[in-house]
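> Need coordinates for the below:
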Amino acid sequence: MTSRSCLAIVLAAGEGTRMKSKLAKVLHRVGGLPMVAHVARAAAAAGGNDLALVVGRDAQDVEAAVRPFVSEVSVHVQSERLGTGHAVLAARAAIERGYDELLIMFGDTPLINSDALRLARSRLAEGASVAVMGFRASDPTGYGRLIEREGELVAIREHKDANEDEQRINFCNGGLMAIDGRVALSMLDAIGNRNSKGEYYLTDIVEIARSRGKKVVAIEVDAASVLGVNNRVELAEAEAIFQSRARRELMLSGVSMVAPETVWLSWDTEIGSETLVEPNVWFGPGVKIAESVVIHAFSHIEGASVASGAQIGPFARLRPGTRLSENTKAGNFVEIKNAAIGAGAKVNHLSYIGDANVGANANIGAGTITCNYDGYNKHLTEIGAGAFIGSNSALVAPVRIGDNALIAAGSVITQEVPDDAVGFARARQSNKPGLAALVRAKNKAMRDSKRRS
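Predicted coordinates:
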């Protein structure tokens with residue numbers, strides 16, 4: 001099968017009016033990735049590295065969403081909506097290039113997996129001309145039924161057209177299919193529109209293939225794999241299934257989750273074995289966590305890499321560009337952005353570190369802020385190895401704190417502090433005996449005057 005060429009045709013031109021959105025339906029995200037990109041990834045993993053994308057609204061954005069995941073993409077605009085058969089033929093130019101197999105997919109089925117697509121392709125390699133994906137439904141009402149006889153698919157019957165016996169069938173049409181590329185165009189061209197809606201239905205290809213003596217089969221896949229998303233309720237359902245799958249996969253790989261149902265993952269989240277994830281942790285796209293990391297509750301991580309032995313949170317936020325080395329700590333109410341934290345360094349609590357390099361074994365005191373933005377540009381703060389930053393310090397970038405330097409608590413540092421130096425940048429304390437009573441009396445008199453007026 002690997003030597004057989006395959007074109008994946010992804011139908012992504014639907015308006016998605018039921019989503020009640022200004023965004024094209026297939027661009028809505030599951031696990032932080034547009035639905036259509038999930039479909040493209042599955043197609044590529046199943047050998048469909050050539051992809052024909054049938055688009056409507058937001059065409060450029062839809063194309064941009066899939067390009068990172070497939071080798072070749074051709075874009076085809078469906079200007080009219082005349083049914084699924086008509087949509088597939090919008091990609092005629094791609095089909096005419098000649099492929100052994102076609103995979104017909106939908107941009108709003110984000111949970112399709114490559115195993116199901118490979119199974120469909122294998123049926124074509126074994127001699128079938130059409131392989132239709134179906135699923136078992138506990139309540140098949142409203143679904144088209146897959147009617148089989150002697151191991152072959154003989155018809156797809158819509159619910160409203162099914163007789164009493166056929167309505168008892170719970171094997172339902174999932175919509176996706178694989179077609180022998182050598183005969184696909186001829187059969188697609190034969191689909192007519194003699195129906196109440198005057199549309200060209202892809203399902204008619206089953207009867208067309210059988211009328212030509214071709215073998216048609218149905219394959220059973222998990223119902224979630226062919227779940228189509230048409231509104232925001234179904235989008236939430238797809239997200240829940242995705243999260244359940246992703247959590248299970250990570251836990252089986254050696255990741256511990258105290259309350260898995262409260263942990264939210266992205267499509268590309270990587271977490272090493274022996275890592276502990278406490279409740280209510282959110283992973284955005286682009287997160288790589290090494291082994292033996294502890295992530296405490298209510299932490300938010302996106303676009304960050306974390307090396308082994310690190311501790312995060314609780315209530316920590318790691319923003320894009322954060323790089324934590326081995327045995328580091330980003331503690332409670334710490335925010336780090338676009339910063340490298342050296343091995344063994346600690347940012348224990350209540351601090352913001354942005355656009356910075358922090359050396360190994362440095363200690364960042366509570367309330368420390370790197371003042372990295374001047375209203376127009378971001379600037380770098382460099383903190384040397386073994387440096388100690390006292391609590392409530394502001395480091396005004398660009399600035400360098402040397403190796404093993406000490407910064408006095410409450411300092412506003414605007415100039416370089418050399419290696420092994422102590423930096424003081426605060427006003428000298430001055431005490432005024434008895435002045436507090438006078439200040440209180442003055443303030444009380446002012447308050448009482450306001451009340452009388």
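
> ok, the closest residue in space to Asn327 that isn't next to it in sequence - contacts?
Spatial nearest neighbour of Asn327, excluding adjacent residues (Cβ to Cβ, 6 or more residues apart in numbering): Gly309 at 4.1 Å. Glycine gets a C-beta too; all of them are placed from N, C-alpha and C. Neighbouring residues of Gly309 by Cβ atoms under 8 Å, 6 or more residues apart in numbering: Ser292, Val293, Glu326, Asn327, Thr328.

> So the third one: helix, strand or coil?
By that I understand Glu326. Recorded secondary structure, Glu326: coil (DSSP: H, G, I helix; E, B strand; the rest coil).

> Show me where the stretch 301-450 of the chain has its helices.
In the stretch 301-450 of the chain, helices defined by DSSP state H, counting those that start in this stretch lie at 435-452, listed in chain order.

> Could you pull up the residues touching the residue nearest to Asp403 when sequence neighbours are not counted?
Leaving aside its chain neighbours, Asp403 sits nearest to Gly384 (3.6 Å; criterion: Cβ to Cβ, 6+ apart). Residues in contact with Gly384 (Cβ under 8 Å, 6+ apart) are Gly359, Ala362, Arg400, Ile401, Gly402, Asp403, Asn404, Ala405, Asp419.

> same thing with Ser305?
Val287, Lys288, Ile289, Thr322, Arg323, Leu324.

> Scan the residues you listed and report the most crowded one.
Per-residue neighbour counts (other Cβ atoms under 10 Å) across those peak at Leu324, which has 30 neighbours.

> just to revisit the earlier point, make a PyMOL selection of whichever of the contacts of Gly309 turn out to be buried.
Buried residues among these (16 or more other Cβ atoms under 10 Å), as a PyMOL selection:
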select buried, resi 292+293+326+327+328
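
> Now for the contacts of Gly309: which two are most distant?
Farthest pair in the contacts of Gly309 (Cβ to Cβ) is Ser292 and Thr328. Separation: 12.6 Å.

> list the helices and strands the lengthiest helix in the chain packs on?
Ranked by residue count and defined by DSSP state H, the top helix of the chain is helix 232-252. Other helices and strands packing on helix 232-252, by 3 or more Cβ pairs under 8 Å, 6 or more residues apart in numbering; DSSP states H and E, are strand 29-30, strand 256-257.

> for the next helix or strand after the last one, packing partners?
Downstream of strand 256-257, the first helix or strand assigned by DSSP states H and E is strand 270-271. Strand 270-271 is packed against strand 288-289, with contacts defined by 3+ Cβ pairs under 8 Å, 6+ apart.

> Adjacent strands (with direction) for the strand it packs on?
strand 270-271 (parallel), strand 305-306 (parallel) (DSSP bridges).

> Just give me the neighbour total for Val30.
Val30, neighbours per other Cβ under 10 Å, totals 23.

> Correct me if wrong: it contacts Val39.
No: under the criterion of Cβ atoms under 8 Å, Val30 makes no contact with Val39, lying 10.6 Å away.

> Now do the shared contacts for those two.
Common neighbours of Val30 and Val39 (criterion: Cβ under 8 Å, 6+ apart): Pro110.

> got the contact list for Arg149?
By Cβ under 8 Å, 6+ apart, Arg149 has no neighbours at all.

> Quick one, grab the pLDDT at it.
On pLDDT, Arg149 comes in at 91.

> Could you do Thr2 as well?
pLDDT recorded at Thr2 is 56.

> can you check Glu158 too?
pLDDT, read off for Glu158, is 85.

> That one contacts Gly144, doesn't it?
Yes: judged on Cβ under 8 Å, Glu158 makes contact with Gly144 at a distance of 5.1 Å.

> who's more crowded, the two?
Gly144 (22 against 15).

> From Ala131, how far out is that one?
16 Å (Cβ to Cβ, to the nearest Å).

> now swap in Gln60 and tell me
From Gln60 to Ala131 the distance is 33 Å (Cβ to Cβ).

> Pull up the distance across stretch 137-147, start to finish.
14 Å (Cα to Cα, to the nearest Å).

> Go ahead and name everything in contact with that stretch.
Residues contacting stretch 137-147 (Cβ under 8 Å, 6+ apart): 132, 134, 153-159, 162, 166-167, 169-173, 203, 218, 223.

> again with stretch 388-407
The contact list for stretch 388-407 (Cβ under 8 Å, 6+ apart) reads 355-356, 359, 362-372, 378-387, 408-423.

> repeat for stretch 250-268
Residues from elsewhere that reach stretch 250-268 (Cβ under 8 Å, 6+ apart): 30-33, 38, 242-243, 246-247, 269, 271-287, 291.

> roughly how far out does it sit from the chain middle?
Put simply, stretch 250-268 sits 14 Å off its chain's centre (Cα atoms, centre = their mean, to the nearest Å).

> cool, stretch 114-128 as well?
Offset of stretch 114-128 from its chain centre (Cα atoms, centre = their mean): 28 Å.

> Looking at strand pairing, list the partners for Phe52.
Quick fix: residue 52 is Ala, not Phe. Counting by DSSP bridges, Ala52 forms beta bridges with Ile9, Ser74.

> Between Gln60 and Ala131, tell me which one has more neighbours.
Ala131 (25 against 9).

> just the buried members of the contacts of stretch 137-147?
Here, 16+ other Cβ under 10 Å leaves 132, 134, 153, 155-157, 162, 169, 171-173, 203, 218, 223 buried among the contacts of stretch 137-147.

> Extract the residue ranges of the stretch 301-450 of the chain that are flagged as low pLDDT.
Within the stretch 301-450 of the chain, no range satisfies pLDDT under 70.

> hey, what's Ala178 bridged with?
Beta-bridge partners, per DSSP bridges, of Ala178: Leu103, Ala131.

> I meant to write Ile295 there.
Val277, Ile312.

> Settle this for me: Asp222 is touching Ala116, isn't it.
Yes: assessed by Cβ under 8 Å, Asp222 is found in contact with Ala116 at 7.4 Å.

> overlap in contacts of these two?
Between them, Asp222 and Ala116 share no contacting residue, judged by Cβ under 8 Å, 6+ apart.

> Who has more neighbours out of these two?
Ala116 (22 against 17).

> returning to that earlier point: want to throw the helices and strands packed on helix 232-252 into a markdown table with distance to Gly16 and mean pLDDT?
Putting the helices and strands packed on helix 232-252 into a markdown table (distance: least, Cβ to Cβ, whole Å; pLDDT from 0 to 100) gives the following:
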| stretch | distance to Gly16 | mean pLDDT |
| --- | --- | --- |
| strand 29-30 | 13 | 98 |
| strand 256-257 | 33 | 98 |
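
> Point out the most buried one among the ones you listed.
strand 29-30 (a mean of 20; mean count of other Cβ atoms under 10 Å).

> What pairs with the helix or strand following that one, parallel or antiparallel?
Downstream of strand 29-30, the first helix or strand assigned by DSSP H and E is strand 33-34. As defined by DSSP bridges, the strand partners of strand 33-34 come to strand 29-30 (antiparallel).
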